[in-house]
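> I'll drop the sequence and a predicted model, then ask my questions.
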Amino acid sequence: MFPWHKIDTVLLDMDGTLLDLHFDNHFWLTLVPQQLSQQRQISVAEAQQLVEQSYHKVEGTLDWYCIDYWQQKLGLDILTLHYSLVERIQMRQDSMPFLQALHRAGKQRILMTNAHPKSLELKLEHTDLAHGLDATFSSHETGYPKEHPLFWEHAIKQFNLDPSRCLFVDDNEHILEASKKAGIGFQLGISNPDSQKPHKEFFDFPAIHDYQMLHQDLLTNIKAP
């Protein structure tokens, strides 16, 4: 699928790409409205409508991903609520074998996520994800989400990357497009970010539902000892 000899670094999204997005969808679309319903003494349906309207207002901005912002906006202890659901934080079953294959093939593996540093820390603490990565980078360190060109400018400089020799993997097609505009050489979509939901359709980028689909190509890239 990719000319691996032209790729030095694989940049990887976290939620929906390496971790099952079911945790986040359940948290933001079910648990938060339930808690807001109890706090404000309104129906769950009213709470769902309120939070969804709030989400849409900042979608695509750094606030959309910011625990501190939502804690203040909704008046809920968002971080504590995260810890109440840690057993739901799960890696995709195909993630670690893929990360290990990338390592054997000599590829640098960098996590590039819009997740808030507190959320990132929580998920690294409760999964083995860190063992499959060479570095992690949150967009909150730059002040710009991955949707913004300045995020990519910061990231490329931070890791001294040759963008033309990078592959970026994400479950969001708009963010894949942003990476392409920033000069990232290769893009790949993940069509099944949430294990409990139907597959997504990608229109402008190749997409897969299982990293095993890349293993054979990667194996040919591994040099014999």
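Nice, thanks for sending it over.
> so what's Q212 closest to, chain neighbours aside?
Nearest non-adjacent residue to Q212, counting by Cβ to Cβ, 6 or more residues apart in numbering: D94, 5.9 Å away. Where you see a C-beta, it was placed from the backbone N, CA and C, and this is true even at glycine.
> my read: the one you found touches H215, true?
No. Judged on Cβ atoms under 8 Å, D94 makes no contact with H215 at a distance of 9.3 Å.
> Comparing the two, which shows the higher neighbour count?
The neighbour comparison of D94 against H215 (other Cβ atoms under 10 Å) goes to D94, with 19 against 14.
> can you tell me which helix in this structure is longest?
Longest helix in the chain, counting residues (DSSP state H): helix 44-58.
> tell me the angle the helix or strand following it makes with helix 44-58.
With elements assigned by DSSP states H and E, the helix or strand that comes after helix 44-58 is helix 67-74. When axes from the mean of the first three to the mean of the last three Cα atoms, to 10 degrees is applied, the directions of helix 67-74 and helix 44-58 differ by 130 degrees.
> elements contacting helix 67-74?
For helix 67-74, the packing partners by 3 or more Cβ pairs under 8 Å, 6 or more residues apart in numbering; DSSP states H and E come out as helix 32-40, helix 44-58, helix 78-83.
> could those helices be laid out in CSV, adding mean pLDDT, mean neighbour count and distance to H148?
Below are the helices and strands packed on helix 67-74 laid out as CSV (pLDDT from 0 to 100; neighbours: other Cβ atoms under 10 Å; distance: least, Cβ to Cβ, whole Å):
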stretch, mean pLDDT, mean neighbour count, distance to H148
helix 32-40, 94, 17, 25
helix 44-58, 92, 14, 13
helix 78-83, 91, 16, 23
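> Let's have these in TSV, adding distance to Q72.
TSV is the format used below for the helices and strands packed on helix 67-74 (distance: least, Cβ to Cβ, whole Å):
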stretch	distance to Q72
helix 32-40	14
helix 44-58	11
helix 78-83	9
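> coming back round to it: can you check the pLDDT for the residue nearest to Q212?
pLDDT recorded at D94 is 96.
> which residues of this structure fall in strands?
Per DSSP state E, the chain carries strands over the ranges 9-12, 108-113, 135-138, 166-170, 186-190, 207-208.
> Of these, flag the one that's most buried.
strand 166-170 (a mean of 26; mean count of other Cβ atoms under 10 Å).
> and that one, what does it pack onto?
Applying 3+ Cβ pairs under 8 Å, 6+ apart, one finds that strand 166-170 contacts strand 9-12, helix 173-181, strand 186-190.
> now with 6 Å?
strand 9-12, strand 186-190 (3 or more Cβ pairs under 6 Å, 6 or more residues apart in numbering; DSSP states H and E).
> right, and those - which one's nearest F23?
Within the helices and strands packed on strand 166-170, the stretch nearest F23 is strand 186-190; the backing value is 15.3 Å (Cβ to Cβ).
> ok, that closest one: who's next to it in the sheet?
For strand 186-190, the paired strands and their directions (DSSP bridges) are strand 166-170 (parallel), strand 207-208 (parallel).
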